[in-house]
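>>> Below: sequence and its predicted model.
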Amino acid sequence: MHGLKKLKTNKQPLGESFRDYFKIGDLVTWKLYKHDGLTGEIIPNQMTGVITEIYTSKMSSRRVWFAKVFEAVTGQFYNMSLMTLSLLKD
């Protein structure tokens, strides 16, 4: 153990730097990836929705920033990490 340093852990939730970019009501986009079982190809599917909630959730030993997003085409809610979202601007 000689010479080993204890790693410092950041106390802020993962994605903290993304938190100021988003607010409830923002229109956002993200990609969901699907695997084609026949060809083995990974197919990106562009998704668009509105943020209805922003929250942190504990993942392993660290908190992570998430957004609950309503996707209007399917009518489904997705819980997405803020780090995977892009803001749609006018």
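Happy to help now that I have it.
>>> going forward, measure contacts and count neighbours with C-alpha atoms only.
Fine.
>>> what's across from the spatially most central residue of the chain in the sheet?
The residue lying closest to the centre of the chain (C-alpha atoms, centre = their mean) is Ser81, at 1.7 Å. According to DSSP bridges, the partner residues bridging Ser81 are Phe66.
>>> Lys11 versus that one, what's the distance?
To Lys11, Ser81 is 18 Å away according to C-alpha to C-alpha, to the nearest Å.
>>> strands paired with the longest strand belonging to the chain, and their directions?
In the chain, with assignment by DSSP state E, the single longest strand is strand 42-59. Sheet pairing of strand 42-59 (DSSP bridges) gives strand 27-35 (antiparallel), strand 62-71 (antiparallel).
>>> tell me the mean pLDDT over it?
For strand 42-59, mean pLDDT is 93.
>>> Would you mark the buried spots in that strand?
Across strand 42-59, burial judged by 16 or more other C-alpha atoms under 10 Å covers Thr48, Gly49, Val50, Ile51, Ile54, Thr56.
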